[in-house]
Every structure is written in C-alpha cells, then in structure tokens.
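Engineer: my questions concern the predicted model and sequence given below.
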Amino acid sequence: MCNAVIDGERAYATPGELAKFVGAENLVWQDHNPFSRWPAGEDWHRMDLCLCPIDLKRTLEKAGFDYKRGVDPMEWFIVRRTER
C-alpha cells in the first residue's frame, strides 16, 4: 500500500486528491521523488500516481490539520477536535 491520508470514510491517495482536501497551496513536495528517477526533463511534480512525493507531515501541519499515524505507517489519519 502507498501513503494515504484518511479523513473519516474518505481516503486521499494522490496529490490531486489531497490538494482538493487541504488546498493546493498547502502541498509540500519532497526535494526529489524518493522511489523513482523520472526521465530527464520530466517534471515528477505533475505525476499524480501516489502521495510518495508529498511531505505529508509538513503538508498536514501547514494546512492546520492534526493527524495520527495508523498501525500501518503509510496511513495518516486526520484527527478532528471531537476525536481528541
């Protein structure tokens, strides 16, 4: 499984999906894709395959969300104030 941000029943698994949830201005991209070397000249920021190129910790904090990690470390659960 790849990274997923989970808010209740909804899971966000791509940068495009996450941008709609947190706001595109809050996405924090990794300095480089940690798993793949894209072809020369290819902009991996446009690749909407998975959340691996997103720094999820910094993105969620920048967007003002509290979160907790799941048993599976690839799961990032949004914690609402009523859940604390």
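Structural biologist: All right, it came through fine. Note that the structure is predicted; figures quoted are calculated from it, not measured.

Engineer: what's the nearest residue to residue 69 if we skip its chain neighbours?
Structural biologist: residue 76 (6.3 Å; C-beta to C-beta, 6 or more residues apart in numbering). To be clear about C-beta, it is placed using only N, CA and C from the backbone, and glycine gets the same treatment.

Engineer: enumerate every residue touching that neighbour.
Structural biologist: 3, 4, 5, 6, 56, 60, 67, 68, 69, 70 (C-beta atoms under 8 Å, 6 or more residues apart in numbering).

Engineer: which parts of the chain are helices?
Structural biologist: 15-22, 56-62 (DSSP state H).

Engineer: format these as JSON lines; extra columns: mean neighbour count.
Structural biologist: What follows is these, written out as JSON lines (neighbours: other C-beta atoms under 10 Å):
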{"stretch": "helix 15-22", "mean neighbour count": "18"}
{"stretch": "helix 56-62", "mean neighbour count": "17"}
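
Engineer: can you lay out the ones you listed as JSON lines showing distance to residue 30 and mean pLDDT?
Structural biologist: Listed next are those as JSON lines, based on distance: least, C-beta to C-beta, whole Å; pLDDT from 0 to 100:
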{"stretch": "helix 15-22", "distance to residue 30": "11", "mean pLDDT": "95"}
{"stretch": "helix 56-62", "distance to residue 30": "10", "mean pLDDT": "97"}
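
Engineer: format those helices as JSON lines; extra columns: distance to residue 82.
Structural biologist: Shown next, in JSON lines, are the helices of the chain (distance: least, C-beta to C-beta, whole Å):
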{"stretch": "helix 15-22", "distance to residue 82": "18"}
{"stretch": "helix 56-62", "distance to residue 82": "18"}
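
Engineer: what's the PyMOL syntax to select whichever of the contacts of residue 76 are buried?
Structural biologist: This is how PyMOL selects the buried members of the contacts of residue 76, with burial counted by 16 or more other C-beta atoms under 10 Å:
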select buried, resi 3+4+5+56+60+67
